[in-house]
Structures are given as C-alpha cells and as structure tokens.
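Engineer: predicted coordinates and the sequence they were generated for:
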Amino acid sequence: MQRLFRATLVACGVLATGQPALAQQPYPNAPITMVVPFAAGSGTDAVARTVGQKLADRLKQPVLVDNKPGANGQVAAQIVAKAKPDGYTLFMTTNTSHSANPALYSNLKYDPIKDFTPVARTGELPFALVVHPSVPAKTMAEFIDYARANPGKLSYATPNSTSLVAMESIKHIAKVDILGVPYKSSPQALTDLLGGQVLAYVVDLGSGKSMLTGDKVRTLAITTAQPSPLLPGVPPIGQTVKGFDLTSWNGVFGPAGMPPTVVNRINTELQAVLADKDTQDKLAQIGFQVWPSKTPEEFSQYVAQQLTHWGSLIRQAGIKPE
C-alpha cells in the first residue's frame with residue numbers, strides 16, 4: 001500500500017511539474033479559430049480564408065475559419081467577446097460589428113471597444129451600387145432621377161450595415177423613396193437581385209465582383225470617395241450624391257485582455273502576410289484592397305474614430321435604432 005501511495009505521489013508530481021511547462025510553450029501551440037460574422041461566400045469570409053491560410057503557414061498551426069452569421073454580426077461578436085483571451089480565438093470582422101451596430105441597436109449585448117483587443121486592420125472592401133437590368137438607369141444621376149419619378153417602386157437588398165447605411169444615406173441626401181428589404185446574407189441578396197426580386201443592392205466586391213463586369217447586373221457607382229483600381233471606370237457615388245463617402249473596413253480582433261506578447265506576434269505575422277504580393281493578388285481578385293495598420297495601437301485609434309464617424313452617418317440618414 002505504501003509503495004502504491006508513493007507511486008501515486010510521484011505520478012502526481014510529474015503531472016504537476018509538467019503542466020506549467022505545457023502552459024509555458026511559446027504561442028501558438030494549438031489550432032487557432034478565426035470567427036467570421038457573415039456566411040460562407042461573403043466578402044469577409046473570402047478574405048478570412050485567404051489571410052487565414054497565409055497566417056497558418058507563418059504560425060505553423062491551422063487557422064480554422066468559423067462562420068457565425070446572424071443578427072448583423074452580433075452573434076459572432078458575442079461569441080468572441082466571451083472567449084478565453086489566449087490568442088486561439090480571433091475575430092475577422094468589419095465596420096458592421098464595430099462601427100455601425102452601436103448606433104443601429106439600442107440593446108447591443110457587447111461593447112466594441114471594451115470587449116475586444118484590436119490586433120490589426122487588414123484593409124477595405126469597396127462596395128458598389130448595382131441594379132437589375134430592368135431598371136432603365138445607366139448612371140447614378142439617372143438612377144436618382146428614376147427613383148424620384150417612381151417613389152416607392154424601387155427596392156434594395158440590405159444584408160449588412162454597409163448596404164443599409166449606404167442606401168439610406170443616398171435616400172436622405174438625394175431625397176428619394178426606395179424600399180429596403182432585409183436579408184440574412186450577401187449571397188442570398190445577390191441571388192435575388194439577379195432574379196429581379198429586388199432591383200438595387202449596394203454589394204461588396206468580395207461577393208459580387210465576378211458579376212459586376214458582366215451583363216447580369218448594371219454597376220452604377222462605388223461607395224468610396226475616390227475611384228477604385230478594382231473597378232476601373234466606375235465613378236464614386238459622391239460625384240453625384242454630394243457629401244457621400246463610405247468606407248467598409250476589415251480587421252482582426254481578439255477578446256479583451258489578450259497578452260501583449262500574443263497580440264504583437266499575431267500583428268507581426270499579419271503584417272508579413274499582407275505585405276506578400278501573392279496575398280495581395282489573391283485578395284484583389286475578390287475585390288479587397290490591402291490597407292494594414294502598422295500597430296495594434298494605430299488600429300485601436302482607427303476603430304474609435306470609425307465608431308464616431310458611422311454613428312454620425314447613421315443619425316444623419318435618419319436610421320432609428322432597433
């Protein structure tokens with residue numbers, strides 16, 4: 001009995017001493033989950049899969065993309081906010097969850113600043129206003145004129161905050177009446193636009209770039225203040241709707257309280273990933289423009305500024321919080 005007791009003590013001692021050694025292994029020593037707040041096939045999903053694969057190559061650990069769509073990004077945001085802040089749960093998200101939702105929802109169950117650790121901005125995903133071919137407008141000006149002549153007859157898809165705020169801002173500034181139709185995902189909205197169930201859609205280039213240069217839809221303008229090299233010859237909405245300027249940004253966060261060493265490691269590797277020409281070329285093919293922040297602190301400041309900017313846009317457009 002005494003020998004068995006001693007053997008048990010020795011085994012427990014080995015386990016006890018081995019556990020801290022395991023915990024002290026350098027990050028990362030296990031697969032990483034990258035949560036995405038939108039459905040597979042969306043622009044953010046495509047960016048996450050491209051960046052995630054490159055990040056996995058550098059970190060020597062799998063980066064698993066986990067799509068958690070729902071409630072305009074709220075479902076995914078809450079999952080990440082409650083996750084252990086050890087660097088094994090990351091959040092690739094956009095202005096939807098971190099800039100627009102605080103002004104769109106009166107009872108948001110997460111705080112975009114307090115509940116997350118900013119790691120790095122990755123870039124921007126330009127959006128474009130497209131219409132079904134049955135709409136007789138070929139330019140942004142003609143679209144506004146047609147909407148004014150046919151109040152309430154045009155409809156637009158709104159699967160995310162960028163589409164919603166963009167079109168509601170156009171409606172407010174140009175004083176036109178267009179009906180918004182909510183959707184759960186970008187692919188579903190694009191499918192219904194192609195089928196004529198809705199007639200207009202402010203679509204991200206990641207979801208719709210392959211369609212934007214064909215004849216299945218007509219591309220009228222982009223949301224950014226400056227023309228985009230990804231859509232040559234397509235003018236900004238702001239050239240016609242004065243004062244319109246909307247950028248959809250994309251970045252990586254973790255839960256609040258992540259160790260600075262882990263944050264800096266991920267940031268460093270993301271910088272290398274985004275500087276890689278192969279990465280940039282692949283992202284350009286899906287309509288994404290690389291535009292990284294240099295440090296986590298710079299990204300944190302940007303997030304705070306965008307939170308204020310989007311709140312102002314939403315209030316000016318007259319969008320009431322749900």
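Structural biologist: Yep, that arrived. Numbers count the residues shown, from 1 in each chain.
Engineer: the spatially most central residue of the chain bridge partners, please.
Structural biologist: The centroid of the chain falls nearest to Thr94 when counting by C-alpha atoms, centre = their mean (2.8 Å). Judged by DSSP bridges, the bridge partners of Thr94 are Asn250.
Engineer: residue boundaries of the strands in this protein?
Structural biologist: 32-36, 63-67, 89-94, 116-124, 127-131, 155-158, 179-182, 200-204, 218-222, 249-255, 289-290 (DSSP state E).
Engineer: average model confidence for the fifth one?
Structural biologist: The one in question is strand 127-131. Averaged across strand 127-131, pLDDT comes to 93.
Engineer: in CSV, list the C-alpha atoms belonging to that strand.
Structural biologist: Provided in CSV are the C-alpha atoms of strand 127-131 (Å, rounded to 0.1, in the frame of the first residue of the first chain):
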residue,chain,number,x,y,z
PHE,A,127,-18.9,48.4,-52.2
ALA,A,128,-20.7,49.2,-55.4
LEU,A,129,-24.3,50.2,-56.2
VAL,A,130,-25.7,47.7,-58.7
VAL,A,131,-29.1,47.5,-60.3
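Engineer: now tell me what touches it from outside.
Structural biologist: Residues from elsewhere that reach strand 127-131, judged by C-beta atoms under 8 Å, 6 or more residues apart in numbering: 137, 140, 143, 162-163, 166-167, 170, 193, 199-205, 208, 211-212, 217-223, 231, 234, 237, 246, 248. Quick note: C-beta positions are derived from backbone N, CA and C, even for glycine.
Engineer: which stretches of the stretch 201-322 of the chain have low pLDDT?
Structural biologist: 206-210, 212-214 (pLDDT under 70).
Engineer: let's see that with 50 instead.
Structural biologist: For the stretch 201-322 of the chain, no stretch is flagged by pLDDT under 50.
Engineer: one more: the stretch 1-150 of the chain?
Structural biologist: In the stretch 1-150 of the chain, residues with pLDDT under 50: 1-22.
Engineer: just the helices in it please.
Structural biologist: Secondary structure of the stretch 1-150 of the chain (DSSP state H, counting those that start in this stretch): helices at 2-23, 43-59, 74-81, 95, 101-104, 140-149.
Engineer: from the contact counts, what lies against the fifth one?
Structural biologist: Helices and strands touching helix 101-104, as assessed by 3 or more C-beta pairs under 8 Å, 6 or more residues apart in numbering; DSSP states H and E, comprise helix 161-174, helix 296-316.
Engineer: got the angle for the longest one vs strand 116-124?
Structural biologist: Read that as helix 296-316. 80 degrees (axes from the mean of the first three to the mean of the last three C-alpha atoms, to 10 degrees).
Engineer: in helix 296-316, what's buried?
Structural biologist: 296, 299-300, 302-303, 306-307, 310, 313-314 (16 or more other C-beta atoms under 10 Å).
Engineer: got the CA positions of stretch 94-110 in CSV?
Structural biologist: The C-alpha coordinates for stretch 94-110 follow below in CSV (Å, rounded to 0.1, in the frame of the first residue of the first chain):
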residue,chain,number,x,y,z
THR,A,94,-15.8,44.8,-40.3
ASN,A,95,-17.4,48.1,-39.6
THR,A,96,-20.7,46.3,-39.2
SER,A,97,-20.0,44.9,-35.8
HIS,A,98,-17.6,47.6,-34.6
SER,A,99,-18.7,50.9,-36.2
ALA,A,100,-22.4,50.6,-37.2
ASN,A,101,-24.1,48.3,-34.7
PRO,A,102,-23.8,50.5,-31.7
ALA,A,103,-25.9,53.1,-33.5
LEU,A,104,-28.2,50.6,-35.1
TYR,A,105,-29.2,48.7,-32.0
SER,A,106,-30.4,50.1,-28.7
ASN,A,107,-29.7,47.0,-26.7
LEU,A,108,-26.4,45.7,-28.0
LYS,A,109,-25.0,42.9,-25.9
TYR,A,110,-21.3,43.7,-26.4
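Engineer: give me the residues contacting it.
Structural biologist: 37, 44, 72-74, 76-78, 81, 112, 116, 125, 160-162, 164-165, 247-251, 253, 303, 306-307, 309-311, 314-315, 319, 321-322.
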